[in-house]
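Undergrad: Got a sequence here, can you build the structure:
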Amino acid sequence: MRNVLVICRKELGSYFASPIAYILLLLFGVVFGWMFSSALGQFLNYSMEAQMSGSYYPMNLNEQLIRPLLSNVAVLGLFAIPMITMRLFAEEKRSGTIELLATSPIRDIEIVVGKWFASVVLYACLLLFTAVNFAFLFRYGHPDWKPLLIAYLGLLLQAGGLLALGTFISTLTKNQIIAGAGTFGVCLLLWIVGWVDYETAAWAHVLSYFSVVTHFESFARGVLDSKDVIFYATVIFIGLFFTARSMESLRWRS
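TA: Residues are numbered from 1 along each chain as shown. Predicted structure coming up:
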């Protein structure tokens, strides 16, 4: 475990030693802040119109404001995740330090988990930037905090699975652009594969099951479903397993 933390700290240090982390934090904060202010303005307008018209239809912060915004956070993750993972191993290959890493006494799985965990921590920092906006809702409103926490857990699990796949793709090339493009393609595929849910055939249900969006829906509603947790955990395991096998092949070649 100590080696994993050492690798994680080293990787986090390299993120913040370069502009990558700061650019991601800035863009994520600005884009989501704009989304939040726009959605909040619409929510307030609808609420005022409902009061002026004498309608007693209750406005729900969690359902009508927070839930759609968190779905937008997941969309932003499609663009942030490739930028986070593209350098994990590709940069090591480009700079020639992968040989030192592969011949070190640290086990492959410790290297893989350490780098992946660093990417998860960085993504968690991006999510914290979005949580600052929701803090205003608790200051001036009364949203339910439990569904919000469950939704954030879903976002972190979803990102963890995609980051694990991106980590594996980063071991396949020394070109960061190719690694980033490949990760974005895989993430996008796992995002849109569920768009065939209008079909009733068995193959459509199978494809829909592999969609990361399908398994986030229960989290967005504030429901913690074990099958969705198992799905994301399985994606994380598969991504890290293939990354470890790829690292093992690099060690043999070294």
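Undergrad: Could you tell me which residues make contact with Gly166?
TA: Taking Cβ atoms under 8 Å, 6 or more residues apart in numbering as the contact definition, Gly166 lies against 81-82, 84-86, 88, 119, 179, 183, 186-187, 239. All C-beta spots, glycine's among them, are computed from the backbone N, C-alpha and C.
Undergrad: neighbour-wise, which of the residues you listed leads?
TA: In terms of neighbours by other Cβ atoms under 10 Å, these top out with Thr85 at 31 neighbours.
Undergrad: Name the nearest residue to that one, sequence neighbours excluded.
TA: Nearest non-adjacent residue to Thr85, counting by Cβ to Cβ, 6 or more residues apart in numbering: Gly166, 3.1 Å away.
Undergrad: From Ala17, how far out is the one you found?
TA: Look at Gly166 and Ala17: by Cβ to Cβ, to the nearest Å, they are 20 Å apart.
Undergrad: wait, Asn133 sits on Trp34?
TA: No - judged on Cβ atoms under 8 Å, Asn133 makes no contact with Trp34 at a distance of 10.3 Å.
Undergrad: These two - which one has more neighbours?
TA: Shown here are Asn133 and Trp34; by other Cβ under 10 Å, Asn133 has more neighbours (17 against 10).
Undergrad: Let me see the contact set for the residue sitting nearest the centre point of the chain.
TA: The chain has Ala159 as the residue nearest its centroid, 2.4 Å off, counting by Cα atoms, centre = their mean. Listed by Cβ under 8 Å, 6+ apart, the contact partners of Ala159 are 77, 81, 120, 123.
Undergrad: ok, now how distant is it from Thr183?
TA: 12 Å.
Undergrad: joint contacts of those two?
TA: Counting by Cβ under 8 Å, 6+ apart, the residues touching both Ala159 and Thr183 are Ile81.
Undergrad: Keep only those of the contacts of Ala159 that are in helices.
TA: 77, 81, 120, 123 (DSSP state H).
Undergrad: Out of those, which is nearest to Val212?
TA: Val212 lies nearest to Gly77 out of those, by Cβ to Cβ, at 9.6 Å.
Undergrad: Pretty sure that closest one sits against Tyr123.
TA: Yes - taking contacts as Cβ under 8 Å, Gly77 lies within contact range of Tyr123: 7.3 Å.
Undergrad: and Ala220, what is it in contact with?
TA: The neighbourhood of Ala220, defined by Cβ under 8 Å, 6+ apart, consists of 67, 70-71, 151, 154.
Undergrad: Select from the residues you listed the one having the most neighbours.
TA: Counting neighbours by other Cβ under 10 Å, Gly154 comes out on top of the contacts of Ala220 with 27 neighbours.
Undergrad: From Ser71, how far off is that one?
TA: On the measure of Cβ to Cβ, Gly154 and Ser71 end up 10 Å apart.
Undergrad: Identify the contacts common to the two.
TA: 216, 220.
Undergrad: burial count for the residue lying closest to Asp225 once chain neighbours are set aside?
TA: Once flanking residues are discounted, Asp225 sits nearest to Ser218: 4.4 Å by Cβ to Cβ, 6+ apart. Ser218 is flanked by 17 other residues according to other Cβ under 10 Å.
Undergrad: do the same with Met83
TA: Neighbours around Met83, by other Cβ under 10 Å: 19.
Undergrad: what secondary structure does it sit in?
TA: helix (DSSP: H, G, I helix; E, B strand; the rest coil).
Undergrad: Quick check: next helix or strand after the helix or strand hosting Phe43?
TA: Using DSSP states H and E, Phe43 maps to helix 19-52. Downstream of helix 19-52, the first helix or strand assigned by DSSP H and E is helix 61.
Undergrad: what does that following helix contact?
TA: Contact partners of helix 61, identified using Cβ under 8 Å, 6+ apart, comprise 43, 137, 141-144.
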